[in-house]
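A.B. asks: 3D, please:
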Amino acid sequence: MTNAEYVKLSPSESNFGQANLLGAQLELLKLIQSFHKFRVLRDEELILKITLKNYLEGTSKEVVKLERLLPKADYKEDRGEDDSENAAEKHKRLSLEEEIEKVRAKLSMLRDEI
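C.D. replies: Now for the predicted structure:
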């Protein structure tokens, strides 16, 4: 047989040890409970993702059917209008910058007179 050694604990030390042990058990049980809840939520998430994927595939098929049924439209984009709009916008910006410079020049002349 083995030689066993015993240590006598005071009642306060015994209570402290039991309280810590019970606290650790409680934390482990809460952790297990949280893990189970997480697994349930993860399973629900997976089911919802699969359902969403199926709906999207069905919708995609319906869009393809709809595109085949609708008449095709032949049109050409006129790129010249975009360039003229950009040019007008650029001119407007330049004119604003010119106006700002004029106002600054007038302001500096007024400051020089004072």
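
A.B. asks: If you average the pLDDT over stretch 12-31, what comes out?
C.D. replies: Averaged across stretch 12-31, the pLDDT comes to 94.

A.B. asks: Can you name the residues in contact with that stretch?
C.D. replies: For stretch 12-31, the surrounding residues in contact (C-beta atoms under 8 Å, 6 or more residues apart in numbering) are L9. Just so you know, the C-beta spots here come from the backbone N, C-alpha and C atoms, and that holds for glycine as well.

A.B. asks: ok, now with 10 Å
C.D. replies: With contact meaning C-beta atoms under 10 Å, 6 or more residues apart in numbering, stretch 12-31 is reached by V7, K8, L9, S10.

A.B. asks: Give me the phi and psi angles of the last one.
C.D. replies: Phi and psi for S10, reported as degrees, to the nearest 10, are phi -70, psi 160.

A.B. asks: Pull out the buried residues from the strand or helix carrying N86.
C.D. replies: Element membership of N86 [criterion: DSSP states H and E] is helix 79-113. Neighbour-count burial for helix 79-113 flags no residue at all (criterion: 16 or more other C-beta atoms under 10 Å).

A.B. asks: now stretch 42-60
C.D. replies: In stretch 42-60, no residue is buried by neighbour count (16+ other C-beta under 10 Å).

A.B. asks: Over to stretch 29-36?
C.D. replies: Buried residues in stretch 29-36 (16+ other C-beta under 10 Å): none.

A.B. asks: Could you check how far that stretch is from the centre of its chain?
C.D. replies: Taking C-alpha atoms, centre = their mean, to the nearest Å, one finds the center of stretch 29-36 at 28 Å from the center of the full chain.

A.B. asks: Check stretch 56-72 too.
C.D. replies: 30 Å.

A.B. asks: Could I have the CA atoms of it written out in CSV?
C.D. replies: Output of stretch 56-72 as CSV, limited to C-alpha atoms (Å, rounded to 0.1, in the frame of the first residue of the first chain):
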residue,chain,number,x,y,z
LEU,A,56,-31.7,32.8,-54.8
GLU,A,57,-31.2,29.9,-57.3
GLY,A,58,-34.9,29.8,-58.0
THR,A,59,-35.0,33.6,-58.5
SER,A,60,-32.0,33.4,-60.8
LYS,A,61,-33.7,30.8,-62.9
GLU,A,62,-36.9,32.9,-63.1
VAL,A,63,-34.9,35.9,-64.2
VAL,A,64,-33.3,33.9,-66.9
LYS,A,65,-36.7,32.7,-68.1
LEU,A,66,-38.0,36.3,-68.0
GLU,A,67,-35.0,37.6,-70.0
ARG,A,68,-35.8,34.9,-72.7
LEU,A,69,-39.4,35.9,-72.8
LEU,A,70,-38.9,39.7,-73.0
PRO,A,71,-38.2,41.3,-76.4
LYS,A,72,-34.6,42.4,-77.1
